[in-house]
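Enquirer: The following comprises the amino acid sequence and a computationally predicted model.
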Amino acid sequence: MVSFLCKISGVSRSGYYNYFSSKSQERREKREKEDLIIKGNILKAFNFKRRKKGARQIKMTLEGQFQITYNLKRIRRIMKKYNIVCPIRRANPYKKMLKATKEHTVLPNLLNREFKQAIPGKVLLTDITYLYYGNGQKAYLSTIKDSSTNEILAYNVSSRMTLDLATDTLVKLMKNQRVKLAEGAFIHSDQGVHYTSPTFQKQVRKLGIGQSMSRRGNCWDNAPQESFFGHFKDEAYIKSCNTLEELKREIKNYMTYYNNFRYQWNLKKRTPVQYRNHLLHVA
């Protein structure tokens, strides 16, 4: 009977008996105990700062916060084994806001996708996204991101998509004392009506910086900003907020987490603030 079962299962007799030997069972029990310890450590990183993470984020958080090092293959194996599911990125359904009128001005693309220039405060990316929360309520988030460090330098939240959503973000950038703009700094956006507005462009000039725009209908020209919104919507607890004030508190908490505690693979496994300080130190 054993020979017959081994044959139809494609298993050798020696392999069958070896599997049920006392030594093999001891090895499996030992590995199971080790895996449970690793699982516990992974869950500590997975739930660190109440923000769920994928395998790379878990690896960097374990190293940066808990001084524990596992390779990615092991982390992914344990996550799969114990069904530890990371957030799933969704396609961004954000559409063009409005068509610019004749008085609005479209500016050339100065960036040309040269996002990583290793100079903090040189290339600033900005955009607006929508947020659904509570019982079908809708709000809008405007951000300004440092392209070299991925740090969010300023943001603004509103229940309306009016021009001051973008211009107030510029005001907050000016008030952020941690921001030091580099020589030749400019802000890059899409061709949305907020950014082609004479009011917005005048305010940019007051900051003493240049302005750049993506090519029409080309989201890749502002890809890092789009990527941030994707991660934000996956990781922030937006839908559970019932009021605009709750939403603003959650966004504030997330921005603190993102800038100071969210390690990023392409920042040499540092957080945005750590990477900004690193670039300033080596400059």
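Expert: On my side now, so go ahead.
Enquirer: Any buried residues in stretch 250-266, and which?
Expert: 250-251, 254-255, 257-259, 261-264 (16 or more other Cβ atoms under 10 Å). The C-beta positions use only the backbone N, C-alpha and C, and glycine is treated the same way.
Enquirer: what is the mean pLDDT for stretch 50-69?
Expert: The pLDDT scores in stretch 50-69 average 92.
Enquirer: Endpoint to endpoint, that stretch covers what distance?
Expert: End-to-end distance for stretch 50-69, by Cα to Cα, to the nearest Å: 21 Å.
Enquirer: Next, the buried residues of that stretch.
Expert: 51-62, 64.
Enquirer: Now do the strands in the stretch 101-250 of the chain.
Expert: Assigned by DSSP state E, counting those that start in this stretch, the stretch 101-250 of the chain shows strands spanning 123-133, 137-146, 152-158, 186-189, 210-213.
Enquirer: Save those strands as a markdown table, and put in distance to Pro108 too.
Expert: Output for the strands of the stretch 101-250 of the chain, formatted as a markdown table (distance: least, Cβ to Cβ, whole Å):
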| stretch | distance to Pro108 |
| --- | --- |
| strand 123-133 | 15 |
| strand 137-146 | 20 |
| strand 152-158 | 23 |
| strand 186-189 | 11 |
| strand 210-213 | 7 |
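Enquirer: and those as TSV, adding mean pLDDT?
Expert: Shown next, in TSV, are the strands of the stretch 101-250 of the chain (pLDDT from 0 to 100):
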stretch	mean pLDDT
strand 123-133	95
strand 137-146	96
strand 152-158	97
strand 186-189	93
strand 210-213	92
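Enquirer: So which of these is nearest Lys44?
Expert: Taking Cβ to Cβ, strand 152-158 is the member of the strands of the stretch 101-250 of the chain nearest to Lys44, at 25.4 Å.
Enquirer: Neighbouring strands of the closest one in the sheet, and parallel or not?
Expert: Its sheet considered, strand 152-158 pairs with strand 137-146 (antiparallel) by DSSP bridges.
Enquirer: Let me see the contact set for Ala236.
Expert: 51, 250-251, 254 (Cβ atoms under 8 Å, 6 or more residues apart in numbering).
Enquirer: Kindly recompute the last result at 7 Å.
Expert: 250-251, 254 (Cβ atoms under 7 Å, 6 or more residues apart in numbering).
Enquirer: From Asn266, how far out is it?
Expert: 21 Å (Cβ to Cβ, to the nearest Å).
Enquirer: same thing with Leu207?
Expert: Taken as Cβ to Cβ, the span from Leu207 to Asn266 is 28 Å.
Enquirer: Check Lys53 too.
Expert: Applying Cβ to Cβ to Lys53 and Asn266 gives a distance of 15 Å.
Enquirer: do the same with Ser147
Expert: As defined by Cβ to Cβ, Ser147 lies at a distance of 12 Å from Asn266.
Enquirer: And Ile42, by the same measure?
Expert: For Ile42 relative to Asn266 (Cβ to Cβ), the value is 22 Å.
Enquirer: Same check on Gln201?
Expert: Counting by Cβ to Cβ, the gap from Gln201 to Asn266 is 31 Å.
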